[in-house]
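J.: Prediction below, plus the sequence it came from.
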Amino acid sequence: MSDLLLELLNTTPVVEGVQTELLDGRWMRDHAAGNQTVADARRLRDDLQRVVRGEVAPTVLASYLRGATRTPAVADDGITWTLNADWPARMVLAWGELQADMPGRLRPCANDECRLFLLDRSRSGTGRWCSMSECGNRMKARRHYSRARRNG
């Protein structure tokens, strides 16, 4: 579920300097978004992006959890739980699980011109860019050229 959450967050990439909208009906069908409207999915995505960026408190996500329940059932090997939640609630729950299991590892790319997010799975937890080959190299080159101009 964390991969789907990351894909949702990354539906507003910057392409050739312009923020692009990838979240449409086709994306929703391809990602089993249920019967959500595109507008509702975009609102959820925007709220999740703002929370991950630290622009708003996570409490803005509370409304997406209304109606979500876990139901226990007795099985031969103990108790099993069934989650009854729509797609928006599942996305918020995926965010919550990441916060609990990998605190601080879901973050925006450190390139201010990039609108993508990353899930830092590195051992050290120091990943900063959505892509080392794209944003990482660009940012390192900028720092190098900036230092060279100051020192030269």
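T.: On my side now, so go ahead.

J.: List the contacts of stretch 104-123.
T.: Residues from elsewhere that reach stretch 104-123 (CB atoms under 8 Å, 6 or more residues apart in numbering): 2, 5-6, 9-10, 12-14, 17, 19, 49, 52-53, 95, 98-99, 102, 125-131, 135, 138-139. Placement of C-beta: from N, CA and C, glycine included.

J.: what does stretch 67-76 give?
T.: 79, 80, 81, 82, 83, 84, 85, 86, 89, 93.

J.: run the last query once more with 10 Å
T.: Residues from elsewhere that reach stretch 67-76, judged by CB atoms under 10 Å, 6 or more residues apart in numbering: 78-86, 88-90, 92-93.

J.: same deal with stretch 26-36?
T.: By CB under 10 Å, 6+ apart, the list of residues contacting stretch 26-36 reads 4, 7-8, 11, 21, 23-25, 37-38, 40-44, 86-88, 90-91.

J.: Now do that stretch: distance from first to last residue.
T.: 12 Å (CA to CA, to the nearest Å).

J.: pLDDT averaged over that stretch - what is it?
T.: Averaged across stretch 26-36, the pLDDT comes to 92.

J.: Give me the distance from that stretch to the chain's centre.
T.: Distance of stretch 26-36 from its chain centroid, counting by CA atoms, centre = their mean, to the nearest Å, is 16 Å.

J.: now do stretch 71-83
T.: Here stretch 71-83 shows a centroid-to-chain-centroid distance of 30 Å under the convention CA atoms, centre = their mean.

J.: Next step: the contacts of stretch 26-36 restricted to helices.
T.: Using DSSP state H, the subset of the contacts of stretch 26-36 located in helices is 4, 7-8, 25, 38, 40-44, 87-88, 90-91.

J.: I'd like to know which of those are buried.
T.: Among those, those buried by neighbour count (16 or more other CB atoms under 10 Å) are 8, 41, 42, 44, 87, 88, 90, 91.

J.: does the first one really touch residue 43, like I thought?
T.: Right, residue 8. No: using CB atoms under 10 Å as the test, residue 8 is too far from residue 43 to be in contact (11.9 Å).

J.: Make CSV out of the ones in helices among the contacts of stretch 26-36 and add distance to residue 63.
T.: Conversion of the ones in helices among the contacts of stretch 26-36 to CSV gives the following (distance: CB to CB, whole Å):
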residue, distance to residue 63
4, 20
7, 22
8, 17
25, 23
38, 18
40, 11
41, 14
42, 15
43, 10
44, 10
87, 14
88, 9
90, 15
91, 13
